[in-house]
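**Q** Could you look at this predicted model? Sequence included:
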Number of protein chains: 2
Amino acid sequence: MARIGIIGATGMAGSALYKEAIERGHEVTALARNGAKTRQLLGPDASITEKDAFALSREDLAGFDVVVDAFATTPDKAYLHIDLAAKLIALLRETTSPRLVFITGAGSLMTGGDDHLLVEDMQRNPNMGAFISIPESQLKELEFLRGVDNVNWVSVSPGMTFQAGPKKTSLLGKDTLLQNTRGESLTSSGTMAVAILDEIEGPKHSQERFTAIDA
Amino acid sequence: MARIGIIGATGMAGSALYKEAIERGHEVTALARNGAKTRQLLGPDASITEKDAFALSREDLAGFDVVVDAFATTPDKAYLHIDLAAKLIALLRETTSPRLVFITGAGSLMTGGDDHLLVEDMQRNPNMGAFISIPESQLKELEFLRGVDNVNWVSVSPGMTFQAGPKKTSLLGKDTLLQNTRGESLTSSGTMAVAILDEIEGPKHSQERFTAIDA
């Protein structure tokens, strides 16, 4: 049983993670800006610490074995992905616990026979519009994390499409965008939750990113 | 006349900068952890805000036109260069003022006919020992800053040697390590102060790094 704090527990990824963690018997706390909204979503028994993620202190994190950053935001505030990661890292320098788990988008994965990043394809796609700032910021976030060698962190990227849905059998990889045998590159929020909880219960990655998709 | 805040005003770079800024008639405030020590060094008339740099708020910075990060630390805490830059950037997202000026080491400059970074030579130099963490962290700091497009920042790197001393005539460059006509690559703290004040009074660089050495 692990004590797990979740930032962004009301979001698509965070709420699936919360559910999976509770089902597995972990002691889960939602670190949420809006306690009432969070309680409405997670139920009357949920353990909630009402605090803006950017106001979290070292003491707020000290009681957890793992803190998952499942923060999500709008394209005009995409830089907050970077700033929150930098803040959490700064709070935990020179520690090994809590472990930090980040959900970093698919844009930072290699594709096309590993000759470029998926975000470069996205940048050429006119349909991305303002949303391009999200994968661009999550790439910067991962680049920042890759320079951090004195905090216990790991990050997980979904496939090309990341959407709400029940957990499926999964395929796991490291830095290359995965496809299943039907040519799909999709990660359901349930599959992401399983990938994160499996990694929490049996760590296989340290200070690196891995990826999970629906088989 | 600019309102200039200096983080690290008691250090080698910061104290030279403080002196040059006062001589030029700017309104200068030292943002310092230890007010008494800072007053002892800068004199009874110095304007001092006693606050740890990592506790600075958006409000603390709001009254300045420019904030210079001349923070210095020991090799075992070198990561604080990155964390402080990330903190200052996070405080000032989506603003154009105050302008942030960072002193980033020479390690991030190109050398050897622009085919590698100086820090790579330093990494091969056994005499660097634990001190390698400083240029490595300042490189990560600059890489982080280069991803920031919604804050008014600039950074300055010295030459190979950065040491206390009076200002000299200077040579300016951009991303390549400079040498003077005698083959020296040295920046005195006075020359660095002049380079920063000149840039504050007449901005020539935006969201990029430049370099200055003693001619």
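**A** Okay, I see it. Residues are numbered from 1 along each chain as shown, chains lettered A, B, ... in the order given.
**Q** show me the contacts for A:Cys30.
**A** Quick fix: residue A:30 reads Ala, not Cys. By Cβ atoms under 8 Å, 6 or more residues apart in numbering or on different chains, the residues touching A:Ala30 are A:Gly5, A:Ile6, A:Ala9, A:Thr10, A:Gly14, A:Tyr18, A:Thr38, A:Leu42, A:Ala46, A:Ser47, A:Ile48, A:Thr49. Where C-beta positions appear, they are placed from N, C-alpha and C, glycine not excepted.
**Q** Switch the residues you listed over to TSV; also include secondary structure, pLDDT and distance to B:His205.
**A** Output for the contacts of A:Ala30, formatted as TSV (DSSP: H, G, I helix; E, B strand; the rest coil; pLDDT from 0 to 100; distance: Cβ to Cβ, whole Å):
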residue	secondary structure	pLDDT	distance to B:His205
A:Gly5	strand	98	41
A:Ile6	strand	98	42
A:Ala9	coil	95	42
A:Thr10	coil	94	42
A:Gly14	helix	97	40
A:Tyr18	helix	97	46
A:Thr38	helix	95	45
A:Leu42	helix	94	49
A:Ala46	coil	95	50
A:Ser47	strand	96	49
A:Ile48	strand	97	46
A:Thr49	strand	96	43
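**Q** Now list the buried members of the residues you listed.
**A** For those, a burial check counting by 16 or more other Cβ atoms under 10 Å in any protein chain shown picks out A:Gly5, A:Ile6, A:Ala9, A:Thr10, A:Gly14, A:Tyr18, A:Thr38, A:Leu42, A:Ala46, A:Ile48.
**Q** Take those and lay them out in TSV including distance to chain B.
**A** Listed next are the buried ones among the contacts of A:Ala30 as TSV, based on distance: Cβ to the nearest Cβ, whole Å:
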residue	distance to chain B
A:Gly5	20
A:Ile6	21
A:Ala9	22
A:Thr10	22
A:Gly14	21
A:Tyr18	26
A:Thr38	24
A:Leu42	28
A:Ala46	29
A:Ile48	25
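**Q** Quick one: those residues as JSON lines, columns for distance to B:Val119 too.
**A** Output for the buried ones among the contacts of A:Ala30, formatted as JSON lines (distance: Cβ to Cβ, whole Å):
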{"residue": "A:Gly5", "distance to B:Val119": "36"}
{"residue": "A:Ile6", "distance to B:Val119": "38"}
{"residue": "A:Ala9", "distance to B:Val119": "40"}
{"residue": "A:Thr10", "distance to B:Val119": "43"}
{"residue": "A:Gly14", "distance to B:Val119": "38"}
{"residue": "A:Tyr18", "distance to B:Val119": "43"}
{"residue": "A:Thr38", "distance to B:Val119": "45"}
{"residue": "A:Leu42", "distance to B:Val119": "47"}
{"residue": "A:Ala46", "distance to B:Val119": "48"}
{"residue": "A:Ile48", "distance to B:Val119": "45"}
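**Q** Return the member of these nearest to A:Val148.
**A** A:Gly5 (18.8 Å; Cβ to Cβ).
**Q** what pairs with the closest one across the strands?
**A** Taking DSSP bridges, one obtains A:Thr29, A:Val67 as the residues bridged to A:Gly5.
**Q** and it, what does it touch?
**A** Applying Cβ under 8 Å, 6+ apart, the residues near A:Gly5 are A:Val28, A:Thr29, A:Ala30, A:Leu31, A:Thr49, A:Leu61, A:Phe64, A:Val66, A:Val67, A:Val68, A:Pro98.
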